[in-house]
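> After the sequence you'll find the predicted model.
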Amino acid sequence: MKTVKKVLVLGNSVRNIVCSARKAGYIVYALDRFGDVDTRKCANKTQILENIPGNELRKIVESFGDIDAIIPGPGFEKLKLKNTLSNPLKIIENAGDKSKLPEKMNSMGIPHPKTELADKADGMGFPLMVKPKAGSGGMKNIIIRNELK
């Protein structure tokens with residue numbers, strides 16, 4: 001098995017993965033949508049990921065040079081490129097389903113805000129935080145402060 005030394009973390013928001021990989025001793029490259037200061041402090045090289053066609057993504061990944069592994073982060077969990085390290089699809093889909101989080105938190109005794117699917121949210125009161133069932137980086141989250149008329 002090949003030794004992994006250089007990793008590229010690719011996702012919408014990858015700071016936590018990048019910093020963990022750096023602390024573990026890897027040479028870490030980051031490709032994400034935000035390029036925040038904390039990510040840049042942890043990564044050896046960073047690049048902001050713009051909205052690009054899929055065929056361009058491969059070229060950007062290749063621009064990082066020889067890397068031993070690609071770690072797909074939030075928003076890119078199902079990405080399959082050469083040297084991609086990820087979980088099986090069923091685990092990815094299960095872990096990324098936000099509708100399952102409240103039940104898991106409650107089963108562990110961890111307080112969590114009341115959560116319902118949108119079609120069952122009637123009568124919950126305001127404000128409401130509306131999030132897509134799957135997604136990352138706080139993208140597409142909306143606060144609803146009162147009833148829409």
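Received the coordinates, thanks.
> For the rest of this, base every contact and every neighbour count on C-alpha atoms.
Fine.
> Next, the buried residues of stretch 104-120.
By 16 or more other CA atoms under 10 Å, the buried positions in stretch 104-120 come out as Thr115.
> Please enumerate the strands of the chain.
6-11, 27-32, 45-48, 69-72, 128-130, 142-144 (DSSP state E).
> now these in TSV, with mean neighbour count, distance to Val61 and mean pLDDT?
Below are those laid out as TSV (neighbours: other CA atoms under 10 Å; distance: least, CA to CA, whole Å; pLDDT from 0 to 100):
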stretch	mean neighbour count	distance to Val61	mean pLDDT
strand 6-11	25	8	95
strand 27-32	25	8	95
strand 45-48	16	10	93
strand 69-72	22	9	94
strand 128-130	14	33	78
strand 142-144	12	32	80
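> I'd like those written out as CSV, with distance to Lys114 added.
Formatted as CSV, the strands of the chain follow (distance: least, CA to CA, whole Å):
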stretch, distance to Lys114
strand 6-11, 28
strand 27-32, 31
strand 45-48, 35
strand 69-72, 30
strand 128-130, 10
strand 142-144, 15
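> Nearest to Asn106, out of those?
Nearest to Asn106, of all the strands of the chain, is strand 128-130, at 18.9 Å by CA to CA.
> nearest residue to Met50 other than its sequence neighbours?
Wrong residue type there; residue 50 is Glu, not Met. Nearest residue to Glu50 in three dimensions, chain neighbours excluded: Arg33, at 6.5 Å (CA to CA, 6 or more residues apart in numbering).
> just to revisit the earlier point, out of the strands of the chain, which comes closest to Ala121?
For the strands of the chain, proximity to Ala121 was assessed by CA to CA; strand 128-130 is nearest, at 9.0 Å.
> Show me the strands paired with the closest one, marking each as parallel or antiparallel.
strand 142-144 (antiparallel) (DSSP bridges).
> got a list of contacts for the partner strand?
Strand 142-144 is contacted by residues 126-131 when judged by CA atoms under 8 Å, 6 or more residues apart in numbering.
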